[in-house]
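Chemist: Model the structure of this input:
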Amino acid sequence: MLGMVWLLSSFGRNKNGSAEREITSLICGNIDVFTGFIKDSLQPAIQSGNEQMLQSSFLNARKYYKKIEWATEYFAFTSAKFINGAPKAEAELTGRMIQRPTGLQVMEEYIFPDFDTTSREILLQQSGIILEKLSVFKTYFSGIPLAAWQIIDGAKQEVFRIETLGITGYDNPLSKNSMEECATALQALVPVLKYYSAGQDNVLGLLQENISFLRSATDFNSFDRARYIREFANPLSTAIEQLRRGLDFQGYHYNRLLKQDAFTLFDINAFDADAYSPFLEQEHKREKAELGKALFRDPAFSANRSISCASCHQPEKSFAENLPKHPDVSGTGLIDRNVPSLLNAALQPQLFYDQRAETLEDQVSDVVHNPKEMGGSIRLALKHFGETGKYQQLFAAAFPGMVKPDSAAITEALAAYVRSLVKLDSRFDEYMQGKDGALSKSEVNGFNLFMGKANCGSCHFMPLFNGVLPPKYITQDAEIIGVPVKKGSKAIDPDRGLFNYLLGYRYFDSSRLSEFDHAFKTVTVRNVTKTAPYMHNGVYETLDDVMDFYNEGGGTGNGLVLSNQSLSEQKLALSPEEIQDIIAFMKSLDSK
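Modeler: Take a look at the predicted model:
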C-alpha cells in the first residue's frame, strides 16, 4: 500500500515543490510532537495510576493524532489502523491471518468511563505499538515526495471523514470528545491549505467557521449534525474541490467508490456504481443491463424452472420481499437467510450477510448454483437462452462480436443490471442538497439522533447508511449484535455468519475465530420501510421491534448470554418520541 502511494505521488508536482516540502516538514513535526507526548505524558500517566491524569492525557493524545489524521489516513491508510482503527479483529484472507486491534480505541475501553487499574501493562503495550507506527510514519513521510493534488484531495477527504465518522463518535464512543477532536483535525488543515489558497480567502474562512461551530457544541447528544453538514461541511468540501479545479493540478485518477471530483457527499452521481466491478473499463453497459434485466426475470436458471431472481428480489418491494425467509427451490423448506434489497447493492465491496462474495458476478454465480436458492446451472441455462430470439438480439447488442454467449457473459449482464439499481434520490438527499422543505422537523431530529445519541450512524455510515467505511470505502463492517432465534427468545440465532465462512478456509481454525462468531454484514437502512421483516433471519416484523432491540442494548442487553457482542450492551435510553423520530428519518431514506 505504501509503495503504491509513493509511485502515484510522482504525478503532478509543482515546479519547485517548496509548498509540498514545507507541508511534509509540518507533518513530520506533528509526528515528533505526538511521539514526545506519549513518552513524556501519556506513559507516565499510565504508570501513575491516577485516573484524572490518565483520562486528561489520553484525550490530549487523541487530539495529537487528529493533527496528523488527514495525512496518515490518506497516504498510509493500512498503517493508520494500528493507531486509530476500530477495536475489532479483522480477518485478512490473502495474508491468512487475523489482525488484532491496536491503538487508541483499544486503550479507550480501559480508560473510560472509569480507569481499569489492572490494565496498566496492556495500556503501556498499546502505547508502545503507537510509538512504533509513528516511527514508521516519520520514515515514510520523510522519504516520499507529496504532490499538491494529493494534499488537496486528502484535505477534502478529511472533511468527508468528519461528516461521516467524526461527529458520530465512531472513534471515541466512550469519551465522546468528538466535536473538539473534529475541530482539531480541521485546524490542522489551516496551515496546509494556506499554501494553495493565496488570494482565495473562502476556503480558510469556511475552515474557521467549521471549527467555531464544532467548538460551540455544548455536549455530544445535542449537537445539530444536520445543520453542521448543510451549512458548514458541505460548503467547505465544495470550496476545497473548487480550489483544486482552479489550480488545475495534473494528477492520478483513483478508482474510488466516492468519486474523486465530488463536491459533497450528496452530489448527484457522487458514487461510482462500477467501482467494485472486476472490469476497469466496461463497454456497452446500458445494453448489458438491458440483457441482465431480462435474465433477472427468467426462471431458466432454477433447477425446476420455478423461480427467477425477481421471485425473491421483487422490484415493487425495493428488490426484496416481505417474508422472513423465502421457500427453497424444492418448496419443502426455506433458504438460510432473509432476502436483502438489491437497491444500492453495487455500493459495497462484499456481498451476502457473511460477506463471502467479492463481486456481484460472484454473487450471481453463487445464488444460481446454491442448492437451496436456485439449484440450477448457468451452463445449462445457456441452451435455453440460445434458442430464444429475444435473447439473441439482446446478447448481440450487449456483446457485439461474441459468437456464442458463455457463463461469464451471463454473470456480467446480471451484475450490470444490479449496478443500474443505484438510487440515492430520497427526500433526505434532497434536504442535504439544499431543499429546506424536504424533511419535517421530526425527521431532522431523527437524523440527529441517528447520528448521535442512538449510535446508529457509527455503524450505518452516512450517506450510504451501510457498513462500508468512509471516506475511502475499501473495508466493510460486520457486527455481532446478538440477534435472537425468535422475537422475545433468550437464545441466539444458530446461524454463525462470518464465522462459518472463515472456517471454510483451512488455515483458520475455530479457536482463532471467536471475534467473528455470529457476525453479519452491516446492511443499509435505505429503503428500509419496504423491506420488512428485518435482520438476517427476519426475526423482527417492524422498525419499532428493531429500535426496541437496539434501545435495550442488543442481544446481551435483552438477556442473551453472548460474550463477544461488538455492539455496546448499554441501554440507549431513547424515549418513545425519540424512537419515532428516528423511524420517521429512516422513512425519509426511501428512494423515489
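Chemist: Low-confidence ranges, this structure, go.
Modeler: 1-16, 94-95, 199-200 (pLDDT under 70).
Chemist: Which neighbouring elements make contact with the longest helix seen in it?
Modeler: If you go by DSSP state H, the chain has its longest helix at helix 120-143. Judged by 3 or more Cβ pairs under 8 Å, 6 or more residues apart in numbering; DSSP states H and E, helix 120-143 is in contact with helix 18-37, helix 43-48, helix 69-75, helix 77-84, helix 104-111. Backbone N, C-alpha and C define where each C-beta goes, glycine included.
Chemist: out of everything not next to it in sequence, what's closest to Asp354?
Modeler: The shortest distance from Asp354 to any non-neighbouring residue, by Cβ to Cβ, 6 or more residues apart in numbering, is to Tyr501 (4.3 Å).
Chemist: re the thing from before, go through the helices and strands packed on helix 120-143 and name the closest to Asp261.
Modeler: Closest of those to Asp261 is helix 69-75, at 16.2 Å (criterion: Cβ to Cβ).
Chemist: Just name whatever secondary elements the helix or strand hosting Arg161 is in contact with.
Modeler: If you go by DSSP states H and E, Arg161 is part of helix 148-164. For helix 148-164, the packing partners by 3+ Cβ pairs under 8 Å, 6+ apart come out as helix 18-37, helix 69-75, helix 178-187, helix 190-193, helix 234-247.
Chemist: ok, now with 6 Å
Modeler: helix 69-75, helix 234-247 (3 or more Cβ pairs under 6 Å, 6 or more residues apart in numbering; DSSP states H and E).
Chemist: ok, residues contacting the shortest one?
Modeler: The reference is to helix 69-75. Outside helix 69-75, the residues that touch it by Cβ atoms under 6 Å, 6 or more residues apart in numbering are 5, 27, 80, 154, 157-158, 185.
Chemist: again, but for stretch 34-43
Modeler: In contact with stretch 34-43 (Cβ under 6 Å, 6+ apart) are residues 57, 61, 64, 127, 131, 134.
Chemist: Start and end of that stretch, how far apart?
Modeler: Distance across stretch 34-43, first residue to last, is 12 Å (Cα to Cα, to the nearest Å).
Chemist: Could you give me the buried positions within it?
Modeler: For stretch 34-43, the neighbour count (16 or more other Cβ atoms under 10 Å) marks 34-35, 37-38, 41-43 as buried.
Chemist: Going by distance to Ser142, which of these wins?
Modeler: Nearest member of the buried residues of stretch 34-43 to Ser142, counting by Cβ to Cβ, is Thr35, at 13.3 Å.
Chemist: just to revisit the earlier point, secondary structure of the residue nearest to Asp354: a helix, I assume?
Modeler: Yes: judged by DSSP: H, G, I helix; E, B strand; the rest coil, Tyr501 forms part of a helix.
Chemist: begin at 9 from here
Modeler: In the new count, where the first residue is 9, that last one comes out as Tyr509.
Chemist: That one and Ala365 touch, don't they?
Modeler: No: Tyr509 is beyond contact range of Ala365, at 10.0 Å (criterion: Cβ atoms under 6 Å).
Chemist: out of those two, which sits in the busier spot?
Modeler: Neighbours per residue (other Cβ atoms under 10 Å) separate Tyr509 from Ala365, with Tyr509 holding more: 20 against 17.
Chemist: any idea where the helices of the stretch 459-600 of the chain begin and end?
Modeler: For the stretch 459-600 of the chain, the helices defined by DSSP state H, counting those that start in this stretch occupy 506-511, 551-559, 562-565, 584-595.
Chemist: Sort out which residues of the second one are buried, please.
Modeler: Of the residues in helix 551-559, those with enough neighbours to count as buried (16+ other Cβ under 10 Å) are 551, 553-555, 557-559.
Chemist: Regarding stretch 403-420, how distant is the last residue from the first?
Modeler: From start residue to end residue, stretch 403-420 stretches across 11 Å - Cα to Cα.
Chemist: re the thing from before, out of the buried residues of stretch 42-51, the closest to Arg252 would be?
Modeler: Using Cβ to Cβ, these come closest to Arg252 at Phe42, 27.9 Å.
Chemist: separation between the closest one and Gln113?
Modeler: To Gln113, Phe42 is 16 Å away according to Cβ to Cβ, to the nearest Å.
Chemist: With Gln484 instead?
Modeler: 18 Å.
Chemist: Same drill for these two, tell me which one is more crowded.
Modeler: For Gln484 versus Gln113, neighbours defined as other Cβ under 10 Å are more numerous around Gln113 (22 against 16).
Chemist: wouldn't the more buried one be in contact with Pro95 here?
Modeler: Yes: Gln113 lies in contact with Pro95 (Cβ under 6 Å); the separation is 4.4 Å.
Chemist: Using CSV, lay out the buried residues of helix 551-559 together with distance to Asp124.
Modeler: Shown next, in CSV, are the buried residues of helix 551-559 (distance: Cβ to Cβ, whole Å):
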residue, distance to Asp124
Leu551, 37
Asp553, 35
Val554, 32
Met555, 31
Phe557, 28
Tyr558, 26
Asn559, 27
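Chemist: Determine which two of those residues are furthest apart.
Modeler: Among the buried residues of helix 551-559, Leu551 and Asn559 lie farthest apart (Cβ to Cβ), at 11.9 Å.
Chemist: And the buried residues of stretch 42-51, which is closest to Asn210?
Modeler: When the buried residues of stretch 42-51 are ranked by distance to Asn210 (Cβ to Cβ), Phe42 comes first, at 30.5 Å.
Chemist: Could you measure from that closest one over to Lys74?
Modeler: 10 Å.
Chemist: Show me where the stretch 209-358 of the chain has its helices.
Modeler: 209-223, 233-236, 242-255, 293-304, 317-320.
Chemist: between the ones you listed, which gets nearest to Asp275?
Modeler: helix 242-255 (9.2 Å).
Chemist: What residues of that closest one count as buried?
Modeler: Buried residues in helix 242-255 (16+ other Cβ under 10 Å): 242-249, 251-252.
Chemist: closest one to Asp306 among the helices of the stretch 459-600 of the chain?
Modeler: Across the helices of the stretch 459-600 of the chain, closest to Asp306 is helix 506-511 (Cβ to Cβ), at 29.0 Å.
Chemist: That concludes my questions; thank you for your assistance.
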